[in-house]
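>>> sequence-free structure coming up:
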């Protein structure tokens, strides 16, 4: 036995004795825990603070001044601008138009979008194709949409008949002929809900379709096993689960409707039958230099949108907490 | 950990770089002349380019920067310009309609007095007196007119009149109304009309025809009230004329308005003389044989003008270059380069008349006739400031719905007082 003999097993690494790991080294903190997070979001906070809330506040301030033309004036006139605005015949007509437009546009595009979503959900062949076709109008800018529909909604008669009216008379539906947005009715603006709905019902469809697809098949199956008809499955299973989506869709469409500008601007400029507060705001500010009145209209619109979006934020915060 | 710090650091670098590049957009370089206009349509753009080329040739080393903004007959350009002027970042020269459209700019000190340039270039001798009067604001001149358009014109096809058995276009609005009855009975539209601004254009020609040039000017100068019996009677005539238009199915733009006359479904159209370029260039009609034009009813011998003009903004980066540009605008060469392409006539009375053919030669002869009475257009910014003009837009938009001249007159009179 030589001293040099080393048994083979001795070459195996010795199993280290277990030593508990050292307590984690405390990372050196240079400040409170929330600081890095705040630093990370601060650029966008600052930008939003200045460019959204700062300007918003500035706009509200201008609405209480008598600023007209190219020399800014911050002389306060109290609520005069608001009082005058609600006495203004054009603005009163605008409010009425906006309500008509919103009701027809939101209801119309929701019904249309919902029906399209239901049809697609039933499993049409070539679903992807139809989904694309219905969604495409949204990809077209409102200005282009307006240019197309300006012609489709032409109300010339006799030899000047064109657009939809011509289509109607060619297929023997001449009694459907309409003056569209140029008619004398106070509901003339409802005609413009047609292109607006055309552009956005595909979007509504996509939202509803996503909602319907998120209803688990197992729920429907079990309802069917319990003997529910398809109608009952829809009413008692799918419909309640679509409630949050319906809520979002209504709010999204409502605020789009309140802000619609380009479509109306391009379809018939200066026709007060389809005038809305947002158009009046633009024309009075940039054609007339009534910065005070423009800011007042903007503030009123903001309050209108806040009335719509406020409940939405409240609702979504409440559901998220649950 | 270091990856996180690296990410944050690189984000900051990117943000800084981004803001740097934004700063670079602002500053204008030396020897650049930035001219702001809404001339982007066919004809006018070529005209502007011709003037720019001439300017660059006369001022070697200077680059002409065309800062034109298209769309909305200048309304988009005006909105963007307003934001630049409010930010005290004016271009080296910008376009405005001559007249009270400039009043706000003058009151806010956005433009410089050009009286000395007028004296130096002897422009007071070559522009007609009526034009100079309308250009002058509180005794000073702030803009150099490049071209002259005429607003009070009535366009028609001789062939349509012949087929209806009408000898000549009406000389008064009363005559128009009796002709209109005949035309309507034959199933045609007596007068084609377009969007709101063309309705205002018609209003101004009816007021001019019914009130005459003196009262027309007094009305807009505030010396006659809108509620006076004469003006209300004229508004009543306007309301009657509207009944013989295709207002309910109004065309979407002035070109489509004229298309109805070309197709023969409508007989007359009141529109400015940019129409001539459209009818000759696009519709290939010859002056007098293909289409014809007369002064709108009751305005023979009156030239209801509008003019595109350029200014010298306060705080322009290169005032010397701007001044050179204004000299180009007011020069015979510049005006003769621009106007035949745009389809307008030179404001100068000494520019060579032989290069103006067809309609333009008639217009030029009228403009230079010393007996011609020159008045300014309402719709195109000569006789009313922007605030007043925009309020008239609102009132007129309501008027075409309620058709009540008294209510319209009351509103406009109140707005006149508020906007002076």
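Arrived safely. The structure displayed is predicted, hence computed values, not measured ones.
>>> next up, the contacts around the residue minimising distance to the centre of chain A.
When C-alpha atoms, centre = their mean is applied to chain A, the residue found nearest the centroid is residue A:252 (3.6 Å). Contact analysis of residue A:252 by C-beta atoms under 8 Å, 6 or more residues apart in numbering or on different chains lists residue A:207. All C-beta atoms are positioned from the backbone trio N, CA, C, and that covers glycine.
>>> so it sits in a helix?
Yes. In this structure, residue A:252 lies within a helix as judged by DSSP: H, G, I helix; E, B strand; the rest coil.
>>> now do residue 30, the pLDDT please.
Picked chain A for this. Residue A:30 is assigned a predicted lDDT (pLDDT) of 69.
>>> right idea, wrong chain: chain B
At residue B:30, pLDDT is 74.
>>> looking at this, it is in a helix?
No. Read with three-state DSSP, residue B:30 is coil and lies in no helix.
>>> how about the residues of the stretch 201-322 of chain A by chain B?
Taking C-beta under 8 Å from any C-beta of the partner chain as the contact definition, the stretch 201-322 of chain A meets chain B at A:268-273, A:275, A:280, A:282-284, A:286-290.
>>> farthest pair in the residues you listed?
A:273 and A:289 (25.2 Å; C-beta to C-beta).
>>> neighbour count for these two, which is higher?
Neighbour count, other C-beta atoms under 10 Å in any protein chain shown: between residue A:273 and residue A:289, residue A:289 has more, with 24 against 21.
>>> ramachandran angles for the closest residue in space to that one that isn't next to it in sequence?
Distances taken as C-beta to C-beta, 6 or more residues apart in numbering or on different chains place residue A:69 nearest to residue A:289, at 4.2 Å, with adjacent residues excluded. Backbone torsions of residue A:69, given as degrees, to the nearest 10, read phi 80, psi -160.
>>> show me what contacts residue A:69?
So residue A:69 contacts A:289, A:291, B:104, B:107, B:108, B:386, B:387 (C-beta under 8 Å, 6+ apart).
>>> next step: those residues restricted to helices.
A:291, B:104, B:107, B:386, B:387 (DSSP state H).
>>> and the pLDDT at the residue nearest to the centre of chain A?
On pLDDT, residue A:252 comes in at 89.
>>> give the contact list for the residue of the stretch 51-200 of chain B found nearest chain A.
Using C-beta to the nearest C-beta, residue B:196 is the residue of the stretch 51-200 of chain B that sits closest to chain A, at 2.6 Å. Counting by C-beta under 8 Å, 6+ apart, residue B:196 makes contact with A:269, A:270, A:271, B:393, B:396, B:397.
>>> ok, now how distant is it from residue B:394?
10 Å (C-beta to C-beta, to the nearest Å).
>>> tell me how far the residue nearest to the centre of chain A lies from residue A:52.
Going from residue A:252 to residue A:52 by C-beta to C-beta gives 19 Å.
>>> then residue A:239?
Counting by C-beta to C-beta, the gap from residue A:239 to residue A:52 is 37 Å.
>>> thinking again about what came up before, can you pick the most crowded of the ones in helices among the contacts of residue A:69?
residue B:386 (26 neighbours).
>>> surely it touches residue A:291?
No. The pair residue B:386 / residue A:291 is not scored as a contact, 11.9 Å apart, by C-beta atoms under 8 Å.
>>> pull up the residues of chain B that are close to chain A.
Residues of chain B lying close to chain A by C-beta under 8 Å from any C-beta are B:8, B:15, B:72, B:75, B:78-79, B:82, B:85-86, B:104-105, B:107-110, B:187, B:195-197, B:246, B:248-250, B:252, B:260, B:263, B:265, B:386-387, B:389-391, B:393-394, B:397-398, B:400-401, B:411.
>>> what's the domain layout of chain B?
As given by automatic domain parsing, the domain ranges for chain B are B:32-149+B:307-365, B:153-304+B:380-418.
>>> how far off centre is the first one?
Average the C-alpha atoms of domain B:32-149+B:307-365, do the same for its chain, and the two points are 12 Å apart (C-alpha atoms, centre = their mean, to the nearest Å).
>>> same check on the last one?
If you compare the mean C-alpha spot of domain B:153-304+B:380-418 with that of the full chain, they lie 16 Å apart, counting by C-alpha atoms, centre = their mean.
>>> same deal with stretch A:170-186?
Counting by C-alpha atoms, centre = their mean, stretch A:170-186 comes out at 30 Å from the chain centroid.
>>> can you name the residues in contact with that stretch?
Applying C-beta under 8 Å, 6+ apart, the contact partners of stretch A:170-186 are A:96, A:100, A:153, A:155, A:157, A:164-165, A:168-169, A:188-189, A:191-192, A:194, A:267-268, A:271, A:273-274, B:248-250, B:401.
>>> try it again with 6 Å
A:153, A:155, A:165, A:168, A:188, A:191, A:192, A:274 (C-beta atoms under 6 Å, 6 or more residues apart in numbering or on different chains).
>>> distance between the ends of stretch A:46-58?
Stretch A:46-58 stretches 16 Å from its first residue to its last (C-alpha to C-alpha, to the nearest Å).
>>> domain ranges for chain A?
Domains of chain A are assigned by automatic domain parsing as A:50-87+A:290-322, A:96-288.
>>> buried residues, the strand or helix carrying residue B:240. List them.
Residue B:240 belongs to helix B:229-243 when elements are defined using DSSP states H and E. Neighbour-count burial for helix B:229-243 flags B:231, B:232, B:234, B:235, B:237, B:238, B:239, B:240, B:241, B:242 (criterion: 16 or more other C-beta atoms under 10 Å in any protein chain shown).
>>> and what of stretch A:55-67?
For stretch A:55-67, a neighbour-count test (16+ other C-beta under 10 Å) marks A:59, A:62, A:63, A:64, A:65, A:66, A:67 as buried.
>>> which residues are in contact with the third one?
The contact partners of residue A:63, taken as C-beta under 6 Å, 6+ apart, are A:81, A:295, A:296, A:299.
>>> same check, this time on the second one
Going by C-beta under 6 Å, 6+ apart, residue A:62 touches residue A:295.
>>> now with 10 Å?
By C-beta atoms under 10 Å, 6 or more residues apart in numbering or on different chains, the residues touching residue A:62 are A:72, A:73, A:74, A:81, A:291, A:292, A:293, A:294, A:295, A:296, A:298, A:299.
>>> any chance of those residues in JSON lines, plus secondary structure and pLDDT?
Formatted as JSON lines, those follow (DSSP: H, G, I helix; E, B strand; the rest coil; pLDDT from 0 to 100):
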{"residue": "A:72", "secondary structure": "coil", "pLDDT": "91"}
{"residue": "A:73", "secondary structure": "coil", "pLDDT": "91"}
{"residue": "A:74", "secondary structure": "coil", "pLDDT": "93"}
{"residue": "A:81", "secondary structure": "helix", "pLDDT": "95"}
{"residue": "A:291", "secondary structure": "helix", "pLDDT": "95"}
{"residue": "A:292", "secondary structure": "helix", "pLDDT": "95"}
{"residue": "A:293", "secondary structure": "helix", "pLDDT": "96"}
{"residue": "A:294", "secondary structure": "helix", "pLDDT": "96"}
{"residue": "A:295", "secondary structure": "helix", "pLDDT": "97"}
{"residue": "A:296", "secondary structure": "helix", "pLDDT": "97"}
{"residue": "A:298", "secondary structure": "helix", "pLDDT": "96"}
{"residue": "A:299", "secondary structure": "helix", "pLDDT": "96"}
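>>> can you tell me which of those lies closest to chain B?
Here the nearest of the contacts of residue A:62 to chain B, counting by C-beta to the nearest C-beta, is residue A:72; it sits at 7.0 Å.
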